[in-house]
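structure, please.
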Amino acid sequence: MGTKKVLYITQEITPYLPDSPIATNCRYLPQAIQEKGQEIRTFMPKFGSINERRNQLHEVIRLSGMNLIIDDTDHPLIIKVASIQAARMQIYFIDNEDYFKRKHTIADDKDVEFSDNDERSIFYVRGVLETIKKLRWIPDVIDCHGWMTALTGLYIKTAYADDPCFKNSKIVYSLYNDDFKQPFSNKFIDKLKFDGIKDKDVEALKGVVDYETLSNFAVKYADGIIQSEENVNNNVLDNINKSGKKFLSYPGNLDVSVDAINNFYENL
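A predicted model of the protein is given here:
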């Protein structure tokens, strides 16, 4: 098999955020896949808790400067980058003062989830895709980690379907036990609409958009699903099994799973 280009879109990576199943997996999986001979790019949000000086982040001026319109409001897209030297791996960060300046990730210091998490997810995913277009880097596989990335498949299969960067990309949704408690705004469907997205494309999001609904929506637009944590939502698992899509059940820790994941990418 020839070299594949694998794009990782994740909501957490250690050491920029504390260890968690997503953060730890997305620190070591891209490195392991790169060591298998694949070419990678990795993105995460630039949450306000990330110390830019300590982690040596700097803005990439040539990639920044675009505005993304969400709910009729312009939001500037800022791209930053840092390196994990030990892994010879660059991490790209999606930043915006409206969405990511606050000092917490998903919820405040009282564990109350942010009411605009839906918009933050939209901005993040669209920001990654617009940055990849500017990089002129054409991914064969896009592996999405965490519910904040769940809209990637929708955008790739609708609004960006004819874009030369993405028209042949395969979408993988990596499923974790990363539940959120506060359902999205009832204006969510209107907010995520974009040129090329029709009512039928988002019909499954009518009503209450909770964690389970959003995860099943990600499955709907994925070409393959990887169970990346041992214990995940059983209803989502049942939906995956009924979908008939390519599925890699929990392959164990990274030491034993990297070959299985690399083969899964190859076979998409």
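
can you pull out the helices in the stretch 101-250 of the chain?
Taking DSSP state H, counting those that start in this stretch to define them, one finds helices in the stretch 101-250 of the chain at 117-135, 152-157, 188-192, 211-220, 234-243.

any idea how far the last one is from the chain center?
In this case it means helix 234-243. Distance of helix 234-243 from its chain centroid, counting by Cα atoms, centre = their mean, to the nearest Å, is 20 Å.

next: the longest one.
Computed by Cα atoms, centre = their mean, the separation of helix 117-135 from the middle of its chain amounts to 9 Å.

now swap in stretch 161-171 and tell me
Its chain's C-alpha centre and that of stretch 161-171 lie 16 Å apart, by Cα atoms, centre = their mean.

endpoints of it, how far apart?
Distance between the two ends of stretch 161-171: 12 Å, counting by Cα to Cα, to the nearest Å.

same question, stretch 147-159
Taking Cα to Cα as the criterion, the two ends of stretch 147-159 lie 20 Å apart.

can you list contacts of it?
9-11, 45, 117, 120-122, 124-126, 128-129, 142, 144, 166, 169, 171, 173, 178, 180, 192, 194-198, 201-202, 211, 214-215, 217-218, 220-222 (Cβ atoms under 8 Å, 6 or more residues apart in numbering). From N, CA and C alone the C-beta is placed, and that goes for glycine too.

then stretch 223-236?
Outside of stretch 223-236, the residues that reach it under the criterion Cβ under 8 Å, 6+ apart are 21-22, 25, 143, 145, 170-177, 179, 211-212, 215-216, 219, 237, 240, 245-251, 261, 264, 268.

among those, the buried ones, what's the ChimeraX command?
To isolate in ChimeraX the members of the contacts of stretch 223-236 that are buried, counting by 16 or more other Cβ atoms under 10 Å, one can use:
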select :21,22,25,143,145,170,171,172,173,174,175,176,211,215,216,219,237,240,246,247,248,251,261,264
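
on that earlier part again, tabulate the helices of the stretch 101-250 of the chain in TSV, adding columns for mean pLDDT and distance to Asp255.
Converted to TSV, the helices of the stretch 101-250 of the chain look like this (pLDDT from 0 to 100; distance: least, Cβ to Cβ, whole Å):
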stretch	mean pLDDT	distance to Asp255
helix 117-135	97	28
helix 152-157	97	27
helix 188-192	92	38
helix 211-220	98	27
helix 234-243	97	24
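
out of the ones you listed, nearest to Ser49?
helix 117-135 (14.2 Å; Cβ to Cβ).

who is the nearest residue to Leu63 once chain neighbours are set aside paired with across the strands?
Leaving aside its sequence neighbours, Leu63 sits nearest to Ile79 (Cβ to Cβ, 6 or more residues apart in numbering; 4.0 Å). Each beta-bridge partner of Ile79 is listed here: Ile94, as defined by DSSP bridges.

Ile79 touches Met66, doesn't it?
No. Ile79 lies out of contact with Met66 (Cβ atoms under 8 Å); the separation is 9.1 Å.

the two: which has the busier surroundings?
Ile79 (24 against 17; other Cβ atoms under 10 Å).

list the contacts for that one?
The neighbourhood of Ile79, defined by Cβ under 8 Å, 6+ apart, consists of Glu59, Val60, Leu63, Ser64, Tyr92, Phe93, Ile94, Asp95, Gly127, Thr131.

Phe264 versus the fourth one, what's the distance?
Remark: distance between Ser64 and Phe264 (Cβ to Cβ, to the nearest Å) = 34 Å.

what do you get for the third one?
Going from Leu63 to Phe264 by Cβ to Cβ gives 30 Å.
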